[in-house]
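sequence and predicted structure are below.
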Amino acid sequence: ATPTALLVGTGRGAQLGILIKGPQILESTRRVDTVVLDKTGTVTTGEMTVASVHVAPNESADEVLHLAGSLEHASEHPIARAIADHAAQTRPLSGVESFENHGGRGVSGVVDGRAVLAGRLAWLRDEWSPTPPSSLRHDAQAAESEGRTPIWVAWDGAVRAVVVVSDTVKDGSRAAVSELRELGLRPVLLTGDNRGAAEAVAQEVGIDEVIAEVMPADKVQVIERLQSEGRVVAMVGDGVNDAAALAQADLGLAMGTGTDVAIEASDLTLVRGDLRAAPDAIRLARATLRTIK
Ligand code: ADP
Ligand code: MG
């Protein structure tokens, strides 16, 4: 191999907005046949907004937003930021005591003297086994089927509301997926979010293999399983919860707009956070290696 050709490859990468940790990475890129894409912040913008608030009989939406928003203010999750920002527009937020972040499930803490939980229904049930009003279940299901994420809010032992948050698919995501296919790669969507939201996003961008409702710590096992099936896996992600999977993948690609841990765990960084740089990177690696051989 001529080192000059490899350096040309990495220089061209910089022009395309792709930072390559070292020229040796080009070799592992050549064998990749599967590209696992994280959903939130990778395929979607991750800039969530509150779409609607649904309350149980006798609850006030204002109260729900205030308690949930105050609690979520202590979290940095995109869902949390959406709910806290939305709530702060109507009323100043209260402080939180005994805040706990339950990764991939939700958050808990004490706000205005009330023990508040916000997160997935399955987790709320494990914690308190409350039964949600059927009207809320219906609202949550409708939200999921539209590709949105319902966040369940409970306090003092009862389920009170569903706050629906929505995310937007990035402009280049659909084009990126079709380019990956043209390169002969199999795209897979991987997320901790509900199956409905995952399927809706997958359909919008043209992915048919979806792995949803995966706990943060289990994302790495999904990569290992694909590898044990003989697949050579590239993973594209942005979050703290993607870092182990990015490191385990044969090729890790981080969104430059993502977290430092994700970038550190990866071989390549897509500087502008545009998913179209993923097929660019793979094409570049193949072209560079062709030059050398
Ligand atoms: P992703 O894989 O899409 O980045 P996460 O693993 O971070 O998602 O979260 C999975 C699910 O856990 C979310 O869709 C949400 O239902 C719940 N969750 C996580 N963090 C929070 C939070 N701060 N508030 C409420 N729900 C949360
Ligand atoms: Mg993410």
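Structure received. Ligands and ions are numbered 1, 2, ... in the order given.

mind pulling the model confidence for the residue of the stretch 51-200 of the chain found nearest ligand 1?
In the stretch 51-200 of the chain, the residue that lies nearest ligand 1 is residue 192 (2.5 Å; CB to the nearest ligand atom). The C-beta positions use only the backbone N, C-alpha and C, and glycine is treated the same way. pLDDT, residue 192: 91.

how deep is the nearest residue to it once chain neighbours are set aside tucked in, by neighbour count?
Excluding the flanking residues, the one nearest residue 192 by CB to CB, 6 or more residues apart in numbering is residue 104, at 4.6 Å. Residue 104 has 19 neighbouring residues, counting by other CB atoms under 10 Å.

ok, now residue 177?
The number of residues packed near residue 177 is 25, by other CB under 10 Å.

quick revisit: doesn't the residue nearest to residue 192 belong to a helix?
No. Counting by DSSP: H, G, I helix; E, B strand; the rest coil, residue 104 is not found in a helix; it is coil.

ok, it - contacts?
192, 214-217, 241 (CB atoms under 8 Å, 6 or more residues apart in numbering).

any idea how far it is from residue 20?
Plainly put, residue 104 is 31 Å away from residue 20 if you go by CB to CB, to the nearest Å.

equivalent analysis for residue 63, please.
Applying CB to CB to residue 63 and residue 20 gives a distance of 51 Å.

ok, now residue 178?
Using CB to CB, residue 178 is found at 24 Å from residue 20.

out of the two, which sits in the busier spot?
Shown here are residue 178 and residue 20; by other CB under 10 Å, residue 20 has more neighbours (23 against 13).

for that one, which residues make a bridge with it?
residue 268 (DSSP bridges).

just checking, it touches residue 28?
No. Applying CB atoms under 8 Å as the test, residue 20 and residue 28 come out as separate, 11.3 Å apart.

next, show the common contact partners of those two.
Common contacts of residue 20 and residue 28 (CB under 8 Å, 6+ apart): residue 267.

need the max-distance pair from the contacts of residue 104.
Using CB to CB, the pair of these lying farthest apart is 192 and 217, separated by 10.2 Å.

ok, those two, which is more surrounded?
residue 192 (21 against 12).

three-state assignment of that one?
Three-state assignment for residue 192 (three-state DSSP): coil.

so it versus ligand 2, what's the distance?
Applying CB to the ion, to the nearest Å, one obtains 8 Å for the distance of residue 192 from ligand 2.
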